[in-house]
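Asker: Quick one, structure for this:
(one chain, ligands or ions: 1)
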Amino acid sequence: MKLILGSASPRRKDLLAQLGIAPDAILPPDIDEDPLPRELPRPYCARLAREKAEAVAAGPDDIVLCADTTVALGRRILGKPADAGEAAAFLTLLGGRRHQVITAIAVRRGPRLWVREVVTDVKMKRLSDLELNAYLASGEWEGKAGGYAIQGLAGAFITWLSGSFTGVVGLPVAETAVLLAAAGYPVYGDKA
Ligand SMILES: Cc1cn([C@H]2C[C@H](O)[C@@H](COP(=O)(O)OP(=O)(O)OP(=O)(O)O)O2)c(=O)[nH]c1=O
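Answerer: Modelled structure (predicted):
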């Protein structure tokens with residue numbers, strides 16, 4: 001049995017390491033991330049995690065772990081911004097209100113699939129022009145759902161959250177440990 005992390009995100013590898021787990025292989029999946037017409041954020045996020053886990057080639061006894069992180073403002077999905085202009089638009093929308101960060105994790109072993117969604121409520125303060133421009137110049141928004149990363153400079157903009165901090169970063173470690181154990185991975189045992 002091998003553990004395969006199906007993710008190109010260095011954050012997910014680091015969060016797995018927080019559990020003392022090093023994957024045997026990292027095989028990032030390549031799937032279409034466009035939402036379906038009128039698809040809501042939570043089912044969208046769960047669908048992407050599932051499709052990522054299904055897209056990773058693995059042996060019948062291997063365990064595949066994938067995740068997707070989606071920022072939701074009400075029914076609206078804020079994906080990864082295409083450019084600094086879109087990042088600015090997202091951060092302006094998010095500032096001064098609450099939004100949700102959903103991370104769905106999918107664990108697959110052969111034909112069996114486990115999916116869990118973890119929803120965190122987050123409040124971002126309204127950003128001044130100085131704060132917004134400094135953040136855009138940092139480039140930290142690139143490749144991040146909603147255009148920010150709580151684990152970096154944007155941590156200074158987050159005044160409150162309820163849920164899973166590691167879920168916002170990209171891999172909720174408590175739920176990941178439970179799902180891996182359900183699939184038969186020795187989270188607290190001998191991994192040799
Ligand atoms: C909201 C938020 C998102 N993110 C990141 C986590 C994810 O990497 C990214 C959302 O994109 P995802 O599509 O979830 O993941 P990814 O494309 O980076 O990697 P892969 O599909 O190969 O696993 O946003 C943060 O790092 N911090 C945050 O605070």
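Asker: what comes up buried for stretch 5-22?
Answerer: 5-7, 9, 11-13, 15-16, 19, 21 (16 or more other Cβ atoms under 10 Å). C-beta here means a position set from N, CA and C on the backbone, and glycine is covered the same way.
Asker: typed the wrong thing, it's stretch 141-155
Answerer: In stretch 141-155, the ones that count as buried by 16+ other Cβ under 10 Å are 141, 144-151, 154.
Asker: Now do the strands in this protein.
Answerer: Applying DSSP state E to the chain gives strands spanning 3-5, 25-26, 63-73, 76-78, 97-109, 112-124, 158-162.
Asker: closest one to residue 38 among these?
Answerer: When the strands of the chain are compared by Cβ to Cβ, strand 76-78 sits nearest residue 38, at 10.9 Å.
Asker: which residues sit against that closest one?
Answerer: 35, 39, 41, 44, 70-72, 90, 93-94, 99, 145-147 (Cβ atoms under 8 Å, 6 or more residues apart in numbering).
Asker: Pull out the buried residues from the residues you listed.
Answerer: 35, 41, 44, 70-72, 90, 93-94, 99, 145-147.
Asker: show me which of those neighbour the ligand.
Answerer: Near the ligand, taking Cβ under 6 Å from any ligand atom as the test, the members of these found are 71, 145-146.
Asker: Tell me the helices and strands packed up against the longest helix along the chain.
Answerer: Secondary structure of the chain per DSSP state H: the longest helix is helix 41-55. Helix 41-55 sits against strand 63-73, strand 76-78, strand 97-109, strand 112-124, with contacts defined as 3 or more Cβ pairs under 8 Å, 6 or more residues apart in numbering; DSSP states H and E.
Asker: where's the second one relative to the chain centroid, distance-wise?
Answerer: Meaning strand 76-78. 14 Å (Cα atoms, centre = their mean, to the nearest Å).
Asker: That strand pairs with which strands?
Answerer: Using DSSP bridges, strand 76-78 pairs in its sheet with strand 63-73 (antiparallel).
Asker: So which bits of the partner strand are buried?
Answerer: 63-73.
Asker: thinking again about what came up before, which of the contacts of strand 76-78 lies closest to residue 80?
Answerer: residue 145 (5.9 Å).
Asker: check contacts around the closest one.
Answerer: Applying Cβ under 8 Å, 6+ apart, the residues near residue 145 are 69-71, 78-80, 101.
Asker: out of those, who's nearest the ligand?
Answerer: residue 69 (3.8 Å; Cβ to the nearest ligand atom).
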